[in-house]
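[1] Predicted coordinates and the sequence they were generated for:
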Amino acid sequence: MKRLLIFYPRDHRAAHEDEMLGVLYAAGKPGLRDAWDLALGGLRIRLRRVFGPGTADVWREALANAAVVLSLVLAGTTLGRVGFVLLSGPSVLKDLLVFTGLSLAWYPLIAVLVVMGLRWPAAVVAWGWAIYITFWSGYNSILVFETMVHLTPGILLAVLLTLAAGQRAAAARLGVIRCLAWFATGAAVMAWTIMSPESFFAYGMWPLITTELSFVILGVATGWFSRTPASARTGVLLLPAVPSLLGGVFLIDLQSGYPHIAAGGLLIALLALLAARQIRLRRA
Amino acid sequence: MQEPTFLILTALAAGPQHGYGMITDIAGISGGRVRLRAGTLYAALDRLQEEGLIEADREEIVDGRVRRYYKLTGRGAEQLAEEAERLRSNASVATSRLRLRGALMGGWA
């Protein structure tokens, strides 16, 4: 029964674990309904702390963080594409321009507007891009990879920029180094994601390496996002963009089979735990 | 205000109580109809403390375990009084209408 208290937040457990066990055993041996009620009670407390009254300010901060981080990551993906093209030669550059058109300019422009604190111009540009990409993907439905990479994050970015105030303050909170790190993360993810389907049939090792890299990025990012209530919520808000950004990699995972995905999941969890622990140790 | 919340505040209106004391008291107040379990009780206590309606009073050690007492705050007493008045007013209307209905049915019969 004591194990079920894992459903409760740590501080609640520290304050009430002993008295709760006293209440549980006061009327005899607790049964299955007591166990179910105990688990539900913990979930209720956690849900109220995440969404309950008094969390509005934290959600506002998380929205601004998410808008800044996603705009930087997506701007970084442009760099990843350009880097890949420069390495691959002029024929690929032509393909890229044919397939992506204006996409190379929009994300960097949005990121610059966000960092400058020009929230509404950034939102207008983001919605323009989201509408363009929606129509574009409708006409090019066979380009699954391109659609997955652009559509969800593009719309998510437009929504975040519309809802989030205080983006300049969020960028200042992140600091120059972290802003550059998120930009570089976007570049790395995009470069590797583009390379993996290209080289899947030619080089058996590439998909595996690409997948592991994506797991490392996901794990460390999850750990980083678990630091504070606001950053944990930032991670939740950005979740819809992750499968899209890593779309190509996850497709390869599915082809490789479920044990590989399970191993990847464990790796993500382990890295997230280590990153969160490191951060806590540094803060303590 | 939900019934478990109302009953917890009612239980504490008589004076500070510990968790198991509240469970047995609430079962008594409700005529055995409401039997709170530990998970429901402590989720409610956590929320009520956060809302400033109750607060921890004192602790004692019984059989090697901490037993914490909770008490009603001034704000909690105010809200309980408002809710009791609202329920009393509703019950009064319901009772008078049922009496009227009984009289009409009796008249028709």
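    Sure, I can see it.
[2] rest of the way, CA atoms for contacts and neighbours
    Fine.
[3] in chain B, which spans are strands?
    For chain B, the strands defined by DSSP state E cover B:17-18, B:54-62, B:65-72.
[4] buried sites along the second one?
    Of the residues in strand B:54-62, those buried by neighbour count under the rule 16 or more other CA atoms under 10 Å in any protein chain shown are B:Ile54, B:Glu55, B:Ala56.
[5] could you dump the residues you listed to JSON lines with distance to A:Trp120 and pLDDT?
    Output for these, formatted as JSON lines (distance: CA to CA, whole Å; pLDDT from 0 to 100):
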{"residue": "B:Ile54", "distance to A:Trp120": "45", "pLDDT": "95"}
{"residue": "B:Glu55", "distance to A:Trp120": "45", "pLDDT": "94"}
{"residue": "B:Ala56", "distance to A:Trp120": "48", "pLDDT": "91"}
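[6] from those residues, which is closest to chain A?
    Closest approach between the buried residues of strand B:54-62 and chain A, by CA to the nearest CA: B:Ala56, at 11.2 Å.
[7] how far away is the residue nearest to the closest one when sequence neighbours are not counted from B:Leu80?
    Nearest non-adjacent residue to B:Ala56, counting by CA to CA, 6 or more residues apart in numbering or on different chains: B:Tyr70, 4.4 Å away. From B:Tyr70 across to B:Leu80, the span is 16 Å (CA to CA, to the nearest Å).
[8] Kindly report the same for A:Ala181.
    Taken as CA to CA, the span from A:Ala181 to B:Leu80 is 53 Å.
[9] So which of these two has more stuff around it?
    Neighbours per residue (other CA atoms under 10 Å in any protein chain shown) separate A:Ala181 from B:Leu80, with B:Leu80 holding more: 22 against 15.
[10] That one and B:Leu9 touch, don't they?
    Yes - look at B:Leu80 against B:Leu9 with CA atoms under 8 Å: they come within range, at 6.6 Å.
[11] Now the residue of chain B found nearest chain A. Nearest residue, chain neighbours left out?
    At 3.9 Å from chain A, B:Gly39 is the closest residue in chain B, using CA to the nearest CA. Counting by CA to CA, 6+ apart, A:Leu38 is the residue found nearest to B:Gly39 once chain neighbours are left out, at 3.9 Å.
[12] Tell me how many other residues crowd A:Ala27.
    A:Ala27 has 10 nearby residues by other CA under 10 Å.
[13] For chain A, what lies in contact range of chain B?
    Contact residues (CA under 8 Å from any CA of the partner chain) of chain A with chain B: A:18-20, A:22-24, A:26, A:34, A:37-42, A:44-45.
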